[in-house]
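Peer 1: All I have is the shape, not the residue letters:
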Ligand SMILES: Cc1cc2nc3c(=O)[nH]c(=O)nc-3n(C[C@H](O)[C@H](O)[C@H](O)COP(=O)(O)OP(=O)(O)OC[C@H]3O[C@@H](n4cnc5c(N)ncnc54)[C@H](O)[C@@H]3O)c2cc1C
């Protein structure tokens, strides 16, 4: 780690990878700081390796670095790329281990310094640049940068820098993903399992959300072999304290589920083969942005003057009471966009966010948070950070045509085209 950079990106997840690669490829001297030991965030460490949605309205809407990494991952594994353009497939499965390794390669090939096991401890804008203190395994160290990108998903850097966040009273539940085996999913009596689960819930041994998103018993969990099967409460998961509670609650839920299932006929040899090291967090905070995307703007497909990328996904709010999902598809032909202003914290300078904490109301956020828009806004934030570092102009003052030109040059699909 050096003492000065053009751009520092914090968080090497879905959005942060693209931000760092784009900034590096645009010639910015870039540092990527990641708290874990693997890139990919929710896509890899939390096991949600199903990016949605590269295609919508019968065409490709997300390209650029996120698409390039998807194609490279499929080329590496030798699997045919699913035909997502048909519109039938919203989600594309991606091999998480290969994706993470290729992400390392892409970040390093872009000339980015990659620092794992580190988190920012302070961020201050002074004398025309950001001064960032980073907590590493061997102590605190400081560096300066012309522009900062917060891709932590939780706006941790924005908060450290003292800007306002929006904290909803209720947030969507989290999910701890695991893999399980030791049974024949076709031979199980799901009605009997549901009845047994209802008794276990009534007796307080199990929470309904330990085995299902809805009140449906363990059928989905067992058929999907544990993949993305439970719901846990995860308030304040943007803090270390709140996140600790979510991780502990996730493993408690896993243990309750395990003990219950092993007593059921056909599941005596049920076993957990692997569990993600982190729960997947759907929602924490959003920034108070220079612009906020509302659900009515999202659902009408507003083309903002400063739009930097497309997004498409149904409203998808998982309910915190374990009673399912508030899901509302977009009307046919509607193609929402993401404006630059939603990536800029109000009152800030040379500071951008990318990822699920962009400025948006709760319903709009429930759709905008999915992986392909996060990738696209990550690339856009990286492009703006690099241009700001090069020109000395704040991201808000950059001519939008210059931002879109740079994005196009790097394969991104930009709004209006
Ligand atoms: C259970 C679940 C199911 C989902 N299903 C789907 C789906 O099927 N398809 C889909 O497209 N989307 C899905 N989503 C949504 C999507 O996966 C996430 O919203 C998206 O990946 C978030 O991207 P991000 O870059 O904002 O955050 P992340 O990918 O989580 O990246 C944040 C990164 O920042 C790092 N970090 C955090 N804090 C710090 C810090 N202080 N310092 C340094 N590093 C830090 C993290 O370790 C992580 O690497 C799902 C989400 C969940 C939780």
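Peer 2: Thanks, I have the structure now. Note that the structure is predicted; figures quoted are calculated from it, not measured.
Peer 1: Can you show me the strands along the stretch 151-300 of the chain?
Peer 2: Along the stretch 151-300 of the chain, the stretches classed as strands by DSSP state E, counting those that start in this stretch are 165-166, 178-181, 271-275, 286-287.
Peer 1: Which of those strands sits closest to the ligand?
Peer 2: Judged by C-beta to the nearest ligand atom, the one of the strands of the stretch 151-300 of the chain that comes nearest to the ligand is strand 286-287, at 10.8 Å. All C-beta atoms are positioned from the backbone trio N, CA, C, and that covers glycine.
Peer 1: That closest one vs the ligand: in contact?
Peer 2: No: on the criterion C-beta under 6 Å from any ligand atom, strand 286-287 is out of touch with the ligand, staying 10.8 Å away.
Peer 1: which secondary structure elements does that strand contact?
Peer 2: With contacts taken as 3 or more C-beta pairs under 8 Å, 6 or more residues apart in numbering; DSSP states H and E, strand 286-287 sits against strand 165-166.
Peer 1: which other residues reach the strand it packs on?
Peer 2: 155, 158-159, 285-288, 357, 359 (C-beta atoms under 8 Å, 6 or more residues apart in numbering).
Peer 1: Determine which two of the residues you listed are furthest apart.
Peer 2: 159 and 359 (14.1 Å; C-beta to C-beta).
Peer 1: Compare neighbour counts for the two and give me the winner.
Peer 2: Ranked by neighbour count (other C-beta atoms under 10 Å), residue 159 and residue 359 place residue 359 first, with 27 against 20.
Peer 1: Could you chop this structure up by domain?
Peer 2: The chain breaks down by automatic domain parsing into domains covering 4-166+286-409, 178-275.
Peer 1: What is the end-to-end distance of the first one?
Peer 2: Just to be clear, that refers to domain 4-166+286-409. End-to-end span of domain 4-166+286-409 (C-alpha to C-alpha, to the nearest Å): 27 Å.
Peer 1: coming back round to it: so which of the strands of the stretch 151-300 of the chain is the most surrounded?
Peer 2: Comparing the strands of the stretch 151-300 of the chain by mean neighbour count (mean count of other C-beta atoms under 10 Å), strand 286-287 comes out on top with a mean of 28.
Peer 1: Within its sheet, name the partner strands of it and how each one runs.
Peer 2: According to DSSP bridges, strand 286-287 has the following sheet partners: strand 165-166 (antiparallel).
Peer 1: hmm, the partner strand touching the ligand?
Peer 2: No: contact of strand 165-166 with the ligand (C-beta under 6 Å from any ligand atom) is absent, the minimum separation being 13.6 Å.
Peer 1: before we move on, the earlier item: mark which of the contacts of strand 165-166 are part of helices, please.
Peer 2: 158-159 (DSSP state H).
Peer 1: want to throw the contacts of strand 165-166 into CSV with pLDDT?
Peer 2: Output for the contacts of strand 165-166, formatted as CSV (pLDDT from 0 to 100):
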residue, pLDDT
155, 98
158, 98
159, 98
285, 98
286, 98
287, 98
288, 98
357, 98
359, 98
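Peer 1: List, one by one, the residues from the stretch 201-350 of the chain near the ligand.
Peer 2: Close to the ligand, as judged by C-beta under 6 Å from any ligand atom, the stretch 201-350 of the chain has residues 228, 280-282.
Peer 1: quick check, nearest of these to the ligand?
Peer 2: The closest of these, once distances to the ligand are taken by C-beta to the nearest ligand atom, is residue 280, at 2.9 Å.
Peer 1: For the stretch 251-400 of the chain, give the residue positioned nearest to the ligand.
Peer 2: Closest point on the stretch 251-400 of the chain to the ligand, by C-beta to the nearest ligand atom, is residue 355, at 2.3 Å.
Peer 1: how near is that residue to residue 12?
Peer 2: 11 Å (C-beta to C-beta, to the nearest Å).
Peer 1: And for residue 332?
Peer 2: 36 Å.
Peer 1: before we move on, what about residue 192?
Peer 2: Residue 192 is 45 Å from residue 12, by C-beta to C-beta.
Peer 1: Among the two, which residue is more densely surrounded?
Peer 2: Using other C-beta under 10 Å as the criterion, residue 192 and residue 12 rank with residue 12 on top: 30 against 13.
Peer 1: residues near the closest residue in space to the more buried one that isn't next to it in sequence, how many?
Peer 2: Closest residue to residue 12 apart from its sequence neighbours, by C-beta to C-beta, 6 or more residues apart in numbering: residue 34 at 3.6 Å. Residue 34 has 27 neighbours, counted by other C-beta under 10 Å.
Peer 1: I'd say residue 34 and residue 115 touch.
Peer 2: Yes: if you go by C-beta atoms under 8 Å, residue 34 and residue 115 touch, sitting 7.0 Å apart.
Peer 1: Can you tell me which of the contacts of strand 165-166 is nearest residue 101?
Peer 2: When these are compared for distance to residue 101 (C-beta to C-beta), residue 357 wins out at 26.7 Å.
Peer 1: For the closest one, list the residues it contacts.
Peer 2: Contacts for residue 357 were tallied using C-beta under 8 Å, 6+ apart; they are 150, 152-155, 158, 165, 284-287.
Peer 1: one step back: would you point out the most distant pair within the residues of the stretch 201-350 of the chain next to the ligand?
Peer 2: That would be 228 and 281, which, of those, are the farthest apart (C-beta to C-beta) at 13.1 Å.
Peer 1: And those two? Which one has more around it.
Peer 2: residue 281 (24 against 19).
Peer 1: Look at the more buried one and report its pLDDT.
Peer 2: Looking at residue 281, its pLDDT reads 98.
Peer 1: how much space between it and residue 245?
Peer 2: Using C-beta to C-beta, residue 281 is found at 12 Å from residue 245.
Peer 1: Not counting its neighbours along the chain, what's nearest the residue of the chain found nearest the ligand?
Peer 2: Residue nearest to the ligand within the chain (C-beta to the nearest ligand atom): residue 13, separated by 1.7 Å. Take residue 13 and drop its neighbours on the chain: the residue closest to it by C-beta to C-beta, 6+ apart is residue 41, 2.1 Å away.
Peer 1: And the average pLDDT for the strand or helix carrying residue 376 is what?
Peer 2: Secondary structure from DSSP states H and E places residue 376 in helix 371-391. For helix 371-391, mean pLDDT is 98.
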